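In: sequence first, then the predicted structure, then my questions.
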Amino acid sequence: MDHVTAAPDPRSEAAGPARAGRRSLALALLCGALGAAVALLATRQQWAEGTASVAGGAFPLTAKGSDVTGVPAALAIVGLAALVAVFAVRRTGRLLVAGLLALSGAGIVAAALTGAGDGTVLDDQAARASGDTSATVADLGHTAWPYVAAAGGALLLLAGLLALRYGRLWPAMSGRYERSGAPRRSRADRPSDPDRPEELWKALDRGEDPTGADPA
């Protein structure tokens, strides 16, 4: 007796990519928004501290992340804009924007880790405080905030990689569709209202009776 092989259900085959697209979209949005917020927050915190020798003794010095480097904050804004722009473009444009999103995250990671051990800003502050251009900061120390900024960049990088991998499955913004997903009807497809003044004049121009009465 021959066994009959059931044909695969097209709906079940399409459900897998659709589910993966929804999950990757939600994860990318979460990682991108959270990563940008974390990176921006971290750049406003204290990254380094030390002291400068002045006539009155030791003078405390501190430096925020934005004082050390402005790259993470700038790239966080670029990454956030790219995250939004991903849904405004399609095909090649989406790949390019997704690549920009990933590069923004990678740049934040690199800049934050580089700035984690940078004491140049505090050296400049020490020189100004002491009046000696050759003075350098003493007791240099760093906080964990540069690594928090790097973590935010890593989240943006992950969002970009998800967009590169699954972006083709994500929806795109379009003015041709209503919120329900149905295409908008053009002006020519809309039914005409015979009671409107312009429709009455058009009927008269065609030699028709706009009242619809039969000629005697």
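Out: Nice, thanks for sending it over. Residues are numbered from 1 along each chain as shown.
In: do you have the helices of this protein handy? List them.
Out: Per DSSP state H, the chain carries helices over the ranges 10-43, 65-68, 71-85, 91-115, 120-130, 145-166, 197-205.
In: T51 is nearest to which of those?
Out: helix 120-130 (8.1 Å; CB to CB). Where you see a C-beta, it was placed from the backbone N, CA and C, and this is true even at glycine.
In: as PDB, could you dump the C-alpha coordinates of the closest one?
Out: The C-alpha trace of helix 120-130 is given here as PDB (Å, rounded to 0.1, in the frame of the first residue of the first chain):
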ATOM      1  CA  THR A 120      45.000  64.000  29.000                       C
ATOM      2  CA  VAL A 121      42.100  66.200  30.100                       C
ATOM      3  CA  LEU A 122      43.200  66.100  33.700                       C
ATOM      4  CA  ASP A 123      46.700  66.900  32.700                       C
ATOM      5  CA  ASP A 124      45.400  70.000  31.000                       C
ATOM      6  CA  GLN A 125      43.400  70.900  34.100                       C
ATOM      7  CA  ALA A 126      46.400  70.400  36.300                       C
ATOM      8  CA  ALA A 127      48.500  72.700  34.100                       C
ATOM      9  CA  ARG A 128      45.900  75.400  34.300                       C
ATOM     10  CA  ALA A 129      45.400  75.100  38.000                       C
ATOM     11  CA  SER A 130      49.100  75.200  38.900                       C
END
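In: neighbouring contacts of that helix?
Out: 48-50, 52-54, 59, 61, 63, 67-68, 133-138, 140 (CB atoms under 8 Å, 6 or more residues apart in numbering).
In: next: stretch 57-67.
Out: 42-53, 72-73, 112, 115, 121-122, 125-126, 129-130, 137-138, 145-146, 149.
In: low-confidence ranges in this protein?
Out: For the chain, the stretches flagged by pLDDT under 70 are 1-18, 56, 173-205, 207-216.
In: distance-wise, check the residue positioned nearest the centre of it relative to C31.
Out: Nearest to the mean C-alpha position of the chain, counting by CA atoms, centre = their mean, stands L83 at 2.1 Å. In this view, L83 and C31 are 9 Å apart by CB to CB, to the nearest Å.
In: quickly list what's touching both of the two.
Out: 156, 159.
In: before we move on, back to that, doesn't L29 make contact with the residue nearest to the centre of the chain?
Out: Yes: between L83 and L29 there is a contact under CB atoms under 8 Å: 7.2 Å.
In: joint contacts of those two?
Out: A159.
In: run a quick neighbour tally on the nearest residue to L96 once chain neighbours are set aside.
Out: Nearest residue to L96 in three dimensions, chain neighbours excluded: V89, at 7.8 Å (CB to CB, 6 or more residues apart in numbering). Using other CB atoms under 10 Å, the number of residues around V89 comes to 16.
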